[in-house]
Every structure is written in structure tokens, then in C-alpha cells.
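Asker: Quick one, structure for this:
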Amino acid sequence: MKSLNDVLYRGPIALPDLVGVLLRFRTMKNVVTADIEKTFLQLELLPAERN
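Answerer: Modelled structure (predicted):
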């Protein structure tokens, strides 16, 4: 019997190759990094608006 993980479609890997990222990082004179958590809009709902 197959598990659920065996039959689910994984799709392509969306993360870039880590080695390539590190090599490109070292070749630049100036580099900017950011926190992925702050990339997305954060919303807060009032308790009365929650389901």
C-alpha cells in the first residue's frame, strides 16, 4: 500500500540552488538581504470579524 506522500504530486522545486546563490553572493560588491517574513503583508482581524 502506498502512503499519501507517495501519490501526491510534488511539482518542481521552487527554491534556487543554494550553491549558486552563495557563489553569486560572493561575486557582488554590494549585497542586500531581507527577512522573508516581512515580505508578505501581515493583517490582523478583530475577534468579531473572525469565523
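Asker: Contacts only, for residue 4.
Answerer: Residue 4 sits next to no residue when contact means CB atoms under 8 Å, 6 or more residues apart in numbering. For every residue, glycine as well, the C-beta is placed using N, CA and C.
Asker: what about the helix ranked longest in the chain, average pLDDT?
Answerer: In terms of residue count, the longest helix belonging to the chain (DSSP state H) is helix 18-27. Averaged across helix 18-27, pLDDT comes to 84.
Asker: gap between that helix and the chain center?
Answerer: With CA atoms, centre = their mean, to the nearest Å as the basis, helix 18-27 stands 18 Å off its chain's centre.
Asker: Contacts for that helix next, please.
Answerer: residue 31.
Asker: list the buried ones in the strand or helix carrying residue 5?
Answerer: Under the criterion of DSSP states H and E, residue 5 resides in helix 4-7. Using 16 or more other CB atoms under 10 Å as the test for burial, helix 4-7 gives no buried residues.
Asker: Tell me, how many residues neighbour residue 11?
Answerer: 6 (other CB atoms under 10 Å).
Asker: err, residue 31, not the other one
Answerer: Applying other CB under 10 Å, we find 9 other residues in the vicinity of residue 31.
Asker: for it, helix, strand, or coil?
Answerer: coil (DSSP: H, G, I helix; E, B strand; the rest coil).
Asker: measure it to residue 10 for me?
Answerer: Remark: distance between residue 31 and residue 10 (CB to CB, to the nearest Å) = 31 Å.
Asker: Identify each buried residue in stretch 27-34, please.
Answerer: The neighbour-count criterion (16+ other CB under 10 Å) identifies no buried residues in stretch 27-34.
Asker: Could you tell me the end-to-end distance of it?
Answerer: Length of stretch 27-34, first residue to last, CA to CA, to the nearest Å: 18 Å.
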